[in-house]
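*Asks:* Provided below are the primary sequence and the corresponding predicted coordinates.
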Amino acid sequence: MPVEPKKILMMLTSGPGTPERCAAPFFFAIGAAKMGHDVSLFFTMQATQLLKQGVADHVCAREDGQPISQFIQRALDSGVKFYICSASLELNDIDQTELIEQVDNLVSSTFLTKRGLESDLVLSF
């Protein structure tokens, strides 16, 4: 029996400093998107660093693992939507022009609350 599509929001806070925590949210997001759910990833704190051009190419969850950039591309190809906390750009000293070109959804601090209240499931990584 098919599952009714749900809205899923995942908040990512881990970045290159904790590489072992970086792959899981993409893995879960890709799986949920393939099940037909509406999946959004909200990048804040250090997770925003993963969207800076070139950074995710050099971050792997394990020593012999795939770079996080491959997980990012698979998530985007699966229809997962990416949102970046605009304040986290300043926190990480990143200019919007330095983000990977596939991502341009800058949102304010109220996004997390608003989208969270609209979602059927909210996960935090």
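*Replies:* Done, it's in. Residues are numbered from 1 along each chain as shown.
*Asks:* where does pLDDT dip in this protein?
*Replies:* Residue ranges of the chain with pLDDT under 70: 1-2.
*Asks:* could I get the full set of strands for it?
*Replies:* 7-12, 38-43, 81-85, 106-107, 121-124 (DSSP state E).
*Asks:* and the top helix by length along the chain, what other elements does it pack with?
*Replies:* With secondary structure taken from DSSP state H, the chain has its longest helix at helix 23-34. With contacts taken as 3 or more CB pairs under 8 Å, 6 or more residues apart in numbering; DSSP states H and E, helix 23-34 sits against strand 7-12, strand 38-43, helix 68-77. C-beta coordinates here come from the backbone N, C-alpha and C atoms, glycine included.
*Asks:* and the angle for it with strand 81-85?
*Replies:* 140 degrees (axes from the mean of the first three to the mean of the last three CA atoms, to 10 degrees).
*Asks:* looking at the strands of the chain, which is buried most?
*Replies:* The highest average neighbour count among the strands of the chain, using mean count of other CB atoms under 10 Å, belongs to strand 38-43 at a mean of 23.
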